[in-house]
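# Turn this into a model:
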Amino acid sequence: MVAIKLTERRALGRFWQSISGRIGLVLTIALLMLAIAAPLLHPYDPTTDRDYLARLVPPSANHLFGTDGLGRDLFTLVWYGIQTSLLISLVAVGFGASIGLVLGLIAGYFRGWLEAIIGWITDIVLAFPSILLAISIVTVTSPSLQSVMIAVAVVQVPIYVRLTRSVVLSLREQEFVEAARALGATSLHILWRHILPASLTPLVVQATLSLGTATLEAAGLGFLGLGAQPPTPELGTLLADAFRGGYSLSSPWTTLFPGLVITLIVLAFNLLGDGLRDAFDPRSR
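Have a look, this model is predicted:
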């Protein structure tokens, strides 16, 4: 126990020494606070928060990010778009990582025909480009916020299956696992109490990096019209509205601010993931 606490303290110290990790942590916390505060500080009503007489107004004191083609305040839309994008990313990566973790544990520990079947399914899913697979799933299930979450989650599953399996394969023959078997521990007990805790570190790092990827995939689906449907504000959908309306060049703020926020979200998660990777695996520096 003392050794584990000492290792955790060293990892925490390495994380705070990482400039990218600290910047990513600050940005991530700020984005999460913005997402949570959106409905509390500025309730949004899509039926009333528009002014057709103020269409495509450039950024000003009244409209910090300007307005879009429907006269809606772009700052409010982007603010709520952050909430939608983070919700999709967190739920999708959470479900994808959970399913991939379970399948990876089974494949890596029990081996045999279970490993072969799970490996085949994983290889089949990985054979498809992630965005095409997500488009296919959303098309079949009909475009909606829930469909995007499912599609992005399915795309994430094979990543965690392979990562978990590789970690479990290296752990199942370790001395502490052999000792647990010799004492009569069941396979479920060994997986839950010994192998799973030792497998979480690389999975947490991968999950942090996957949040940025999930954000881009959700924005891509929204840009194609397959994401969250109106009137739900979503960053990819805001970009699509500007391009389809034909005012992306004449009113560049309609694409500039949603695009910058998408970049900021991805950057925050990537920097945080890099910091965690440096903290838990100093050899990766």
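# Contact partners for the nearest residue to Leu171 once chain neighbours are set aside?
In space, Leu171 comes closest to Ile195 once its chain neighbours are excluded; the distance is 5.2 Å by C-beta to C-beta, 6 or more residues apart in numbering. Bear in mind the C-beta positions are built from the backbone N, C-alpha and C, glycine included. Applying C-beta atoms under 8 Å, 6 or more residues apart in numbering to Ile195 gives the contacts 105, 109, 168, 171-172, 177.
# Reformat the residues you listed as CSV; add neighbour count and pLDDT.
Output for the contacts of Ile195, formatted as CSV (neighbours: other C-beta atoms under 10 Å; pLDDT from 0 to 100):
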residue, neighbour count, pLDDT
Leu105, 20, 90
Tyr109, 21, 85
Val168, 24, 88
Leu171, 19, 82
Arg172, 18, 78
Val177, 19, 76
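# Can you tell me which of the residues you listed comes closest to Val57?
Ranked by distance to Val57 (C-beta to C-beta), those are led by Leu105 at 54.6 Å.
# For the closest one, give its distance to Leu196.
7 Å (C-beta to C-beta, to the nearest Å).
# cool, Leu56 as well?
In terms of C-beta to C-beta, Leu56 sits 54 Å off from Leu196.
# and what of Val154?
Separation of Val154 from Leu196 (C-beta to C-beta): 23 Å.
# likewise Ala35?
Between Ala35 and Leu196 the computed distance is 30 Å (C-beta to C-beta).
# ok, now Ile99?
Going from Ile99 to Leu196 by C-beta to C-beta gives 15 Å.
# which residue packs closest to the residue nearest to the spatial centre of the chain, ignoring adjacent ones?
Per C-alpha atoms, centre = their mean, the C-alpha nearest to the average position across the chain is that of Leu211, at 2.1 Å. Nearest residue to Leu211, sequence neighbours excluded (C-beta to C-beta, 6+ apart): Phe269, at 4.2 Å.
# Just to check, the one you found is in contact with Gln206?
No. Applying C-beta atoms under 8 Å as the test, Phe269 and Gln206 come out as separate, 11.4 Å apart.
# Look at these two and report which has more neighbours.
Taking other C-beta atoms under 10 Å, Phe269 and Gln206 do not tie; Phe269 has more neighbours (26 against 20).
# name the element that one belongs to?
helix 253-280 (DSSP states H and E).
# Buried residues, that helix. List them.
Within helix 253-280, the residues scored as buried using 16 or more other C-beta atoms under 10 Å are 253-259, 261-262, 265-266, 268-280.
# Also stretch 209-222?
For stretch 209-222, burial by neighbour count (16+ other C-beta under 10 Å) applies to 209-222.
# re the thing from before, what's the separation between the residue nearest to Leu211 and Ser89?
Taking C-beta to C-beta, one finds Phe269 at 8 Å from Ser89.
# any residues in contact with both of the two?
Counting by C-beta under 8 Å, 6+ apart, the residues touching both Phe269 and Ser89 are 211, 215.
# Surely Ala54 and Gly71 touch.
Yes. Using C-beta under 8 Å, Ala54 is in contact with Gly71, at 4.7 Å.
# for Val148, what are its contacts?
Counting by C-beta under 8 Å, 6+ apart, Val148 makes contact with 88, 92, 134, 138, 218, 221-222, 226-228.
# Is it within a helix or a strand, and which one?
helix 145-171.
# Buried residues, that helix. List them.
For helix 145-171, burial by neighbour count (16+ other C-beta under 10 Å) applies to 145, 147-165, 167-168, 171.
# Need the three-state assignment for the residue lying closest to Pro258 once chain neighbours are set aside.
Using C-beta to C-beta, 6+ apart and skipping residues adjacent in sequence, the residue nearest Pro258 is Leu238, 4.3 Å away. Three-state call for Leu238 (DSSP: H, G, I helix; E, B strand; the rest coil): helix.
# quick one: which helix or strand includes Gly108?
Assigned by DSSP H and E, Gly108 belongs to helix 74-110.
# between that helix and helix 253-280, what angle do the directions make?
Counting by axes from the mean of the first three to the mean of the last three C-alpha atoms, to 10 degrees, helix 74-110 lies at 30 degrees to helix 253-280.
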